[in-house]
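Asks: need the 3D shape of this:
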Amino acid sequence: ESEERYALAVRGADDGMWEWNLRTDSVYFSPRWKSMLGYADHELGDRMDEWRARVHPQDFDRVIGELDAHLQGKTARFENEHRLLHRDGRYRWILARGAAVRHAAGSAYRMVGLHTDISARKQVQEALLEVADGLSTLSGDECLRELTKRFAEVLGVREAFVCECSNVPATRVRMLARWNLGGFANCVEFDLTGTACEDVIQQGKQVFVPGNVGARWPLEKAFDRESYLGLPCIDTQGRVIGHIACTDGKQMRQELPHLAILKIFAIRAAVELERSILVRERLGFAPAPGPDNTAALLH
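Replies: Numbers count the residues shown, from 1 in each chain. Prediction:
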């Protein structure tokens, strides 16, 4: 019964379990451990090299050093964050935790542990650092341009743009920055009717269609758009003043970056949009409030 409970727990766990026999150097890697790296259960062997060979070269010495220190009894347990090579050729961040089983004399003869995929958390951390480092000293058009470029890179898509609302009620928007096909592109003003952007502005919430976007908004077919992601930019009064969006001619991955990353981009864009509006008002460039101008929307 104990073995059955153990087997069920291993199969049902979201973490990948491993058990290392130090006498024979053989390792049991659970099916989940293997699937985290893109492999079926029968596609990986039972030797420790299956793990060692996939550790990122920059992490290898640190991982092995901390593992050896634990086996020698210098630490109470083994815990390490490192990158492992996935079958698709990319590295995944893994949190490895384990503990040695020891003889009465203290020598280790077995080690049991878990692997947790922390790639999403690492992606958040890296994006936060990149946005903070790259945009902290930028403002205005320069900031928006860099923001669109990085938004496209994070999502792995060909096009990204930031728009501000042109009138109230919002029926048109104007692009303030646009990244397309690996470079900055011309910005345009366009009607929202029949576009994916209309739903973002009108509903004030994220809109994500990973594929076949033309079935929902036929107008998008004219721009060779297969997928779309848009987030509203909301001012300090809670009003939608624009949006940041990205598109691609192919399907996007169903699994988006962590929501925190997306919100960072939308909030940073909103800050610049609202700053621009305030500057225009102070300089007297904003027209008197009315039903068809931006000032009315932003007061």
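Asks: any stretches of the stretch 101-250 of the chain with poor pLDDT?
Replies: Within the stretch 101-250 of the chain, the segments meeting pLDDT under 70 span 124, 127-136.
Asks: please, where are all the helices along it?
Replies: Listed in chain order, the helices of the stretch 101-250 of the chain (DSSP state H, counting those that start in this stretch) span 119-135, 140-155, 196-203, 213-216.
Asks: in TSV: those helices, plus distance to residue 66 and mean neighbour count.
Replies: (Glycine included, C-beta is placed from N, CA and C.) As requested, the helices of the stretch 101-250 of the chain are arranged in TSV below (distance: least, CB to CB, whole Å; neighbours: other CB atoms under 10 Å):
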stretch	distance to residue 66	mean neighbour count
helix 119-135	18	15
helix 140-155	31	20
helix 196-203	46	21
helix 213-216	47	16
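Asks: and of those helices, who's closest to residue 239?
Replies: With respect to residue 239, and counting by CB to CB, the nearest of the helices of the stretch 101-250 of the chain is helix 196-203 at 10.9 Å.
Asks: alpha carbons of that closest one, as CSV, please.
Replies: Once side chains and other backbone atoms are set aside, the C-alpha atoms of helix 196-203 remain, and they are given as CSV (Å, rounded to 0.1, in the frame of the first residue of the first chain):
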residue,chain,number,x,y,z
ALA,A,196,-9.4,43.6,-32.7
CYS,A,197,-8.2,46.8,-31.1
GLU,A,198,-11.9,48.0,-30.7
ASP,A,199,-12.6,45.3,-28.2
VAL,A,200,-9.5,46.2,-26.1
ILE,A,201,-10.5,49.9,-26.0
GLN,A,202,-14.2,49.4,-25.5
GLN,A,203,-14.0,46.6,-23.0
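Asks: the helices of the stretch 101-250 of the chain: which one's closest to residue 166?
Replies: Using CB to CB as the measure, helix 196-203 is the one of the helices of the stretch 101-250 of the chain that comes nearest residue 166, at 10.6 Å.
Asks: over to residue 73. Which of the three states is it?
Replies: Residue 73 falls in the coil class when you classify it by DSSP: H, G, I helix; E, B strand; the rest coil.
Asks: pretty sure it sits against residue 106.
Replies: Yes: with contact defined as CB atoms under 8 Å, residue 73 counts as touching residue 106 (5.7 Å).
Asks: on that earlier part again, tabulate the helices of the stretch 101-250 of the chain in CSV, adding columns for distance to residue 52.
Replies: Putting the helices of the stretch 101-250 of the chain into CSV (distance: least, CB to CB, whole Å) gives the following:
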stretch, distance to residue 52
helix 119-135, 20
helix 140-155, 31
helix 196-203, 47
helix 213-216, 44
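Asks: longest helix anywhere in the chain?
Replies: Criterion DSSP state H: the longest helix present in the chain is helix 259-282.
Asks: which other helices and strands does it contact?
Replies: Applying 3 or more CB pairs under 8 Å, 6 or more residues apart in numbering; DSSP states H and E, one finds that helix 259-282 makes contact with helix 119-135, helix 140-155, strand 159-165, strand 227-234, strand 240-248, helix 294-298.
Asks: reformat those as TSV; add distance to residue 266.
Replies: Below are those laid out as TSV (distance: least, CB to CB, whole Å):
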stretch	distance to residue 266
helix 119-135	12
helix 140-155	9
strand 159-165	10
strand 227-234	4
strand 240-248	6
helix 294-298	17
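Asks: out of these, nearest to residue 68?
Replies: Among the helices and strands packed on helix 259-282, the nearest to residue 68 by CB to CB is helix 119-135 (24.5 Å).
Asks: quick one: the strands in the stretch 1-150 of the chain, in order.
Replies: Counting by DSSP state E, counting those that start in this stretch, the stretch 1-150 of the chain forms strands over residues 16-21, 26-29, 78-85, 91-102, 108-117, given from the N-terminal end onward.
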